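S.K.: A predicted structure for the sequence below; I have some questions about it.
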Amino acid sequence: ARGEPLPVLATPWDAVARPVAWSPQENTPYDPREMLGGALLPSGEWCGGFFDRGSFFETLAGWAKTVVCGRARLGGIPVGVICAETRIVERVTPADPANLASHESVSQQAGGVWYPDSAFKTAQAIEDFNKGEQLPLFIFANWRGFSGGMRDMFDEILKFGSYIVDHLCHYAQPVFVYIPPFGDLRGGAWAVLDPTINPDMMEMYSTETGRGGVLEPSGTVEIKYRERELLLTMHRLDPKLQALALALKAAATPADTERIGREIAQREVDLLPLYRQVAVEFAARHDTPGRMKAKGVISDIIPWAHSRAFFHARLRRRLAEERARAAVAQATEGSPLSRDQVTRLLRSWLLASTSTAAGAADEAEAARVWADNDTAWKWLSNPDALAPHLAELRKAAAARRVTDAAKLDFTAWKQALNDALGG
């Protein structure tokens, strides 16, 4: 039922703490369904994927094949899944049955790119998961951006891309954006999946080998470190160019000046590819998970092998936290608290219930306890732990309502109170 806790299925055949054995390989297209659900190796051995074995169910598989959407379970918890296809796929446009002159057309679409149809499919899946089923969402982000050809613009790719932002902005369940091994999140794809769209619900993580940034490293160099800057760097660092520059200043004849100038120009030509390669590598260093975490654009770096256990712990904690928030909202009905106020309230209750309560004044310790997914989940999912605090909130809310009624019409309030007390 809507608003009720998700049905969690016990999965004794697939331990949630097991490592994720199936992993993509660098510069090698792969079937994302194997990454999500696992695969049977030629040896007959099962190679486990991210989700519970046998739980991934793809939907709308024949439409917009550059995106894979479906449902799965993680530690028995049902979730929605959106993942990029990394291989080249064929898009088949059937002939118009009402036009005898039309023909079926087949076109190729590159993997890791959003096209108008796949952007629409992504947006529709997000809407279904949120409003239809109220499922938490996992997005395995491996897109280099949106296809921007003239035909794609005519097919309204901008509109469908904006649908993704709209639906994520209003998503009311936890959303985890995760850059998989050797995945890239670039361009407009980064813009529509940025957690700042919905900071209350969205979190972004990366594997150790993921990469992310609005521009590709080569594009960054073309804009921020062009040939002029490369030449200035050469003259600042290369001893031979520095010696030639001094020789040019001391040249005694026009012939010497011309000869040294040619040597300088040839040296610049020889060094330019090397310096451009170094510049691209330097730009690429800014797209690593370490830099993304340092800049605060991702929450953490999660190794792929251990991602299943981490996200299960994080998911169940977030679900318990949202249920606790809903209980607080219900208890304070009529005087709603902001999300930050509820967070401070829950955090203070958790700290007061732990053995570290004596050191609760230490902000670092308080942050550590609140960030511990297992500790927070055990407390947030315990009705007996929340009950006394919620009762106090209900009492306070009732007192406020009585006070407000007295301020509005004291005589009527006094008469009503007298009647209620049987006087």
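M.R.: Sure thing, it's come through. Residues are numbered from 1 along each chain as shown.

S.K.: find the nearest non-adjacent residue to the residue most central in space within the chain, please.
M.R.: Using C-alpha atoms, centre = their mean, the residue of the chain that lies closest to the mean C-alpha position is Val177, 2.2 Å off. Nearest non-adjacent residue to Val177, counting by C-beta to C-beta, 6 or more residues apart in numbering: Met204, 4.3 Å away. Glycine gets a C-beta too; all of them are placed from N, C-alpha and C.

S.K.: pretty sure Leu137 sits against Leu74.
M.R.: No: the pair Leu137 and Leu74 fails to qualify as a contact (C-beta atoms under 8 Å) at a distance of 11.6 Å.

S.K.: coming back round to it: can you report how many residues lie near the residue nearest to Val177?
M.R.: Residues contacting Met204 under the criterion other C-beta atoms under 10 Å number 23.

S.K.: so what's the backbone phi/psi at it?
M.R.: phi -120, psi 140 (degrees, to the nearest 10).

S.K.: state whether the residue nearest to the centre of the chain is indeed within a strand.
M.R.: Yes: counting by DSSP: H, G, I helix; E, B strand; the rest coil, one finds Val177 located in a strand.

S.K.: what about it, distance to Leu168?
M.R.: Distance of Val177 to Leu168, computed by C-beta to C-beta, to the nearest Å: 9 Å.

S.K.: hey, what's in contact with both of those two?
M.R.: Shared between the contact lists of Val177 and Leu168 (criterion: C-beta atoms under 8 Å, 6 or more residues apart in numbering) are residues 193, 202.

S.K.: got a list of what the spatially closest residue to Tyr30 that is not a sequence neighbour touches?
M.R.: The spatial neighbour of Tyr30 that comes closest, neighbours along the chain excluded (C-beta to C-beta, 6+ apart), is Pro24 at 5.1 Å. Pro24 sits next to 30, 35, 86, 180-183 when contact means C-beta under 8 Å, 6+ apart.

S.K.: state the phi and psi torsions of Pro24.
M.R.: The phi/psi pair for Pro24 (degrees, to the nearest 10) reads phi -60, psi 160.

S.K.: what is the burial count for the residue nearest to Ile301 when sequence neighbours are not counted?
M.R.: Closest residue in space to Ile301, ignoring its immediate chain neighbours: Pro289 at 4.5 Å, by C-beta to C-beta, 6+ apart. Using other C-beta under 10 Å, Pro289 has 20 neighbouring residues.

S.K.: give the contact list for Pro289.
M.R.: So Pro289 contacts 179, 206-208, 210-212, 298, 301 (C-beta under 8 Å, 6+ apart).

S.K.: for PyMOL, what selects the buried ones among these?
M.R.: In PyMOL, this line selects whichever of these come out buried by 16 or more other C-beta atoms under 10 Å:
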select buried, resi 179+206+207+210+211+212+298+301
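
S.K.: of the contacts of Pro289, which is the nearest to Arg394?
M.R.: Minimum separation from Arg394 among those (C-beta to C-beta) is found for Ile298, which lies at 39.0 Å.

S.K.: coming back round to it: correct me, but the residue nearest to Val177 touches Leu193?
M.R.: Yes: using C-beta under 8 Å, Met204 makes contact with Leu193 at a distance of 7.3 Å.

S.K.: what do the two both touch?
M.R.: Joint contacts of Met204 and Leu193 (C-beta under 8 Å, 6+ apart) are 141, 177.
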